[in-house]
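Visitor: how would this look folded up:
(chains A and B)
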Amino acid sequence: MTSTDLAEVQLPGTEREPQEPETGVLFEGVTKRYAGNDRLSLDLDRLSLPGGSLTVLVGPSGCGKTTALRIVSGLETPTDGRLFIDGADVIDTPPGRRGVSMVFQDFALYPHLTVEKNISFGLRLQARHDRRSGLDDAEIERRVAQVCGSLGLAALRKRRPAQLSGGERQRVGLARAIVRRPTVLLLDEPLSALDAQLRQRARAELVGLHRELGNTIVLVTHDQLEAMSMATHLVVMNHSKVLQAGSPTEVYRRPVDTFVATFLGSPPMNLSTVGVPAADRLAGPDLEARLPRPVPGLPSEVQLGWRPGDATPVRHDADPRTGLFADGVVELVEFTGDTMVAQCTSASGRWAVVVPANGNAPAVGESLRVHVPAARLHLFDPVTGSRLEAADAGSAHE
Amino acid sequence: MFRASARGAGVARHLLLIVAVVLMLLPLAYALGTSFKPVSTLYDLNPVPLPGTLENYDLALTRFEIGRLLLNTLLMAAGVTVTTMLVALPAAYALVLFERARGRSLMVVVVGAALLIPPGALIIPQFLMTSWLGWQGNPVGLIIPQLGTSALAVLLLRDHIRSVPPSLIGAAVLEGATPWDILRQVVLGLLRPALGAVAILLFINTWNEYLWPLLVMPSVEDTTIQPGLALFAAPENPQYGPLLAAAMLASLPVLVMYVLASRRIADAFIHSGLR
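Guide: Presented below is the predicted three-dimensional model:
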């Protein structure tokens, strides 16, 4: 019996957990602590990034999202924990052998090499290291030509990075990453170096590319709009931890706590602390909400959240049976194109409402009453900020 | 008022610089003038060589055989430059990798400390070691011990390698590059200008080496130009004309090289932060 066989023998009670998911990236108890830092920079109990998804890790700067990405790449070694790519434990696999490639924030193009040499760098290295499994020159050329063609770089092949625009550099970085046909493609804020107009187009291109390649893409960004518009799977992080993971609509509609609620969405969710006079009523200064059904077990005070887009201005005497009525005085009106955002002040704090730009614009100083359907109200614990699930059960029956 | 005083300070500074430059160039100009003088007027105080003669240069080339000395010097300078670069570049790269992995490294301090040892203090141990090794009178003994002065090259190159963005190295690592691949294909490509500058600096320094070639290669036929000049200045019958002509010829290659590369050399220092 060889030593490998011995390792395979399983003691009772130590059977391997079924390794799901079979594809994608799985973090298990991964932590990272940098030398000289008391706090963990990353603390992932369990996080699965589904195979074939375009997963976006989003959060404020310093939340650990880039550290998580670099751990997948292998450029960073976790302090503890295990990492699986497509079911295989890769903690001890060197970065170059993980089938992972990465587009860096600054694109990291080799300035002394032409575009085509930049793109073929990894393939040529591989060919030299391993003459059997490496590709021959003709195959490398074919692949470079193909990727240049699909990313619109054919005319730029002989240029050097210094002679390229920001958008072109980004595409070269992308070309270099995908020419190796990685199982996981990592993108570290790939759009932040582009100007606003280009970013919009690059976003669409990335989504198209993901559809074409069908592999797992993990993208890191601090831009919540970018995150929601591109992701098929969204992971919101803060303070080194994952707060919520799921589809963008799920995370947007049912944020697990006030941080996620206000981090996603622009303008952010309105929040105010209200009292709970009865099991189906919430009340605060200038605020009054009636729930369709009594919600048992609410604390005496809750944080009430509602999205500016879910509110509609109503006449002052309007009185639907349920939902939230909020009163305020318009302080500022921001024109954003199709819509306007009215920022209002009220006795229970500031709130915003989105109104169509072609309707009657609220005037500054005017008092405004808005209504939010009960199903669109979010209740959070006033102390911990976490979502009160009981309230969802109640409002779902409206 | 302010502007006037600023201008005054500028003028004063320039005057000072001009005086310094003149003081430095005067001996050189005197030597250059004298090298064109015939023997009859050699000891005149008039530095202008009129009428001039090329006789001294002829003597330098034929009687002193300065050509062979220059060739020896070229071989030594090139040998020291190449070997030093071969040691300094990997050393500097390794230093940077250590620093990136573990923070500020003691190794850097050690290499820096090597700069503080006066070269003269190393002469006796180095001389004894080359004797034990039987390298006396051997070109190997001329070249290898001069690697002892490669600390400056290591530190200069380290500063340049540190300016290579970590993401470039990360990108190469992800593409399966070994540290050796990265050194050869990424760092070397990016550092070409700096390498040129450091090499020229080493070349010029080695070219002007006097004491070590004199110790290892004391015979007039095999030695390099600087001790060669001294050996020609035989105390009993110093031939100042040909000697100065030879000195002019000896500084010509270095001068040409410096003129061609002066901007690069300045850049290498400016970008390194070691000013």
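
Visitor: Close to chain B: what parts of chain A are there?
Guide: Within chain A, the positions adjacent to chain B are A:35, A:73-75, A:94-97, A:100-102, A:104-106, A:108, A:110-113, A:121-122, A:125-126, A:129, A:176, A:180 by C-beta under 8 Å from any C-beta of the partner chain. In this view, the C-beta of every residue, glycine as well, is placed from N, C-alpha and C.

Visitor: which among these end up buried?
Guide: Taking 16 or more other C-beta atoms under 10 Å in any protein chain shown as the criterion, what is buried in those is A:73-75, A:95-96, A:100-102, A:104-106, A:108, A:110, A:112-113, A:121-122, A:125-126, A:176, A:180.

Visitor: Among the residues you listed, name the ones in strands.
Guide: Secondary structure defined by DSSP state E assigns A:Val100, A:Ser101, A:Met102 of those to strands.

Visitor: re earlier: out of the residues of chain A next to chain B, which sit inside helices?
Guide: Counting by DSSP state H, the residues of chain A next to chain B place A:Ser73, A:Phe121, A:Gly122, A:Leu125, A:Gln126, A:His129, A:Arg176 in helices.

Visitor: Out of the residues you listed, which two sit at the greatest distance?
Guide: Farthest apart among these by C-beta to C-beta are A:Ser73 and A:His129. That separation is 19.0 Å.

Visitor: What is the helix or strand containing B:Val22 packed up against?
Guide: For B:Val22, the element it lies in under DSSP states H and E is helix B:2-34. On a contact count with 3 or more C-beta pairs under 8 Å, 6 or more residues apart in numbering or on different chains; DSSP states H and E, helix B:2-34 meets helix B:240-272.

Visitor: distance between the helix it packs on and the chain's centre?
Guide: Between the centre of helix B:240-272 and the centre of its host chain there is 9 Å, according to C-alpha atoms, centre = their mean, to the nearest Å.

Visitor: can you tell if that helix touches chain A?
Guide: No. Helix B:240-272 stays clear of chain A (C-beta under 8 Å from any C-beta), getting no nearer than 14.8 Å.

Visitor: That helix - contacts with which helices or strands?
Guide: helix B:2-34, helix B:55-62, helix B:66-102, helix B:151-162, helix B:192-207, helix B:225-232.

Visitor: Confirm that A:Ser229 sits in a helix.
Guide: Yes. The assignment for A:Ser229 by DSSP: H, G, I helix; E, B strand; the rest coil puts it in a helix.

Visitor: Give me the pLDDT for B:Leu75.
Guide: Turning to B:Leu75, the model gives it a pLDDT of 93.

Visitor: I'd like to know how many residues surround it.
Guide: Neighbours of B:Leu75 under the rule other C-beta atoms under 10 Å in any protein chain shown: 14.

Visitor: Now do it against chain A, distance only.
Guide: Taking C-beta to the nearest C-beta, to the nearest Å as the criterion, B:Leu75 is separated from chain A by 31 Å.

Visitor: now the nearest residue to that residue once chain neighbours are set aside: how far from B:Pro145?
Guide: Of all residues not flanking B:Leu75 in the chain, B:Pro139 sits nearest, at 7.0 Å (C-beta to C-beta, 6 or more residues apart in numbering or on different chains). B:Pro139 is 12 Å from B:Pro145, where distance means C-beta to C-beta, to the nearest Å.

Visitor: can you check B:Leu190 too?
Guide: Taking C-beta to C-beta, one finds B:Leu190 at 31 Å from B:Pro145.

Visitor: same deal with A:Leu368?
Guide: Applying C-beta to C-beta to A:Leu368 and B:Pro145 gives a distance of 87 Å.

Visitor: What of A:Ala347?
Guide: Applying C-beta to C-beta, the value for A:Ala347 to B:Pro145 is 86 Å.

Visitor: When those two are compared, which one has more neighbours?
Guide: B:Pro145 (22 against 11).

Visitor: you'd agree that one is up against B:Pro125?
Guide: No. In this structure, B:Pro145 is not within contact of B:Pro125 by C-beta atoms under 8 Å, at 9.4 Å.

Visitor: residue ranges for the helices of the stretch 251-398 of chain A, please.
Guide: For the stretch 251-398 of chain A, the helices defined by DSSP state H, counting those that start in this stretch cover A:258-263, A:389-395.

Visitor: Out of these, which gets the lowest mean score?
Guide: helix A:389-395 (a mean of 58).

Visitor: re earlier: check contacts around the residue nearest to B:Leu75.
Guide: B:Leu75, B:Met76, B:Gly79 (C-beta atoms under 8 Å, 6 or more residues apart in numbering or on different chains).

Visitor: How about the contacts made by B:Val154?
Guide: B:Val87, B:Ala88, B:Ala91, B:Ala92, B:Leu95, B:Val111.

Visitor: Contact partners for the third one?
Guide: Right, the one you point to is B:Ala91. For B:Ala91, the contact set (C-beta under 8 Å, 6+ apart) comprises B:Val111, B:Ser150, B:Val154.

Visitor: rerun at 10 Å
Guide: For B:Ala91, the contact set (C-beta atoms under 10 Å, 6 or more residues apart in numbering or on different chains) comprises B:Met107, B:Val111, B:Ser150, B:Ala151, B:Ala153, B:Val154, B:Leu155, B:Leu157, B:Arg158.

Visitor: Contacts made by the helix or strand hosting the second one with the rest, please.
Guide: Element membership for B:Val111, per DSSP H and E: helix B:106-116. Defining contact as C-beta under 10 Å, 6+ apart, one finds that helix B:106-116 is touched by B:88, B:91-92, B:94-96, B:98-99, B:105, B:122, B:148-152, B:154-155, B:158, B:274.

Visitor: Just the buried residues of the residues you listed.
Guide: Using 16+ other C-beta under 10 Å, the buried members of the contacts of helix B:106-116 are B:88, B:91-92, B:94-96, B:99, B:105, B:122, B:149-152, B:154-155, B:158.

Visitor: pLDDT check: weakest of the residues you listed?
Guide: B:Ser105 (75).

Visitor: Was I right to think that residue contacts B:Arg162?
Guide: No. Checked against C-beta atoms under 10 Å, the pair B:Ser105 and B:Arg162 is beyond contact range at 11.8 Å.

Visitor: okay, and the common contacts of the two?
Guide: Shared contacts of B:Ser105 and B:Arg162, defined by C-beta under 10 Å, 6+ apart, comprise B:Leu95, B:Val96, B:Glu99.

Visitor: Near chain A, which residues of the stretch 51-200 of chain B are found?
Guide: For the stretch 51-200 of chain B, the residues in contact with chain A (C-beta under 10 Å from any C-beta of the partner chain) are B:102-103, B:164-178, B:181-182, B:185-186, B:188-192.

Visitor: Which of the residues you listed are buried? Put it as a ChimeraX command.
Guide: Here is the ChimeraX command that selects the buried residues among these (16+ other C-beta under 10 Å):
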select /B:164,167,168,169,170,171,172,173,174,175,176,177,181,182,185,186,190,191
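
Visitor: next helix or strand past the worst-scoring helix or strand of chain A on mean pLDDT?
Guide: Ranked by mean pLDDT, DSSP states H and E, the helix or strand of chain A with the weakest confidence is helix A:3-8, at a mean of 42. The first helix or strand that comes after helix A:3-8 along the chain, using DSSP H and E, is strand A:24-32.

Visitor: That next one pairs with which strands?
Guide: strand A:42-50 (antiparallel), strand A:80-85 (antiparallel) (DSSP bridges).

Visitor: export those strands to JSON lines and tack on mean neighbour count?
Guide: JSON lines is the format used below for these (neighbours: other C-beta atoms under 10 Å in any protein chain shown):
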{"stretch": "strand A:42-50", "mean neighbour count": "19"}
{"stretch": "strand A:80-85", "mean neighbour count": "18"}
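
Visitor: That's all I had, so thanks and see you.
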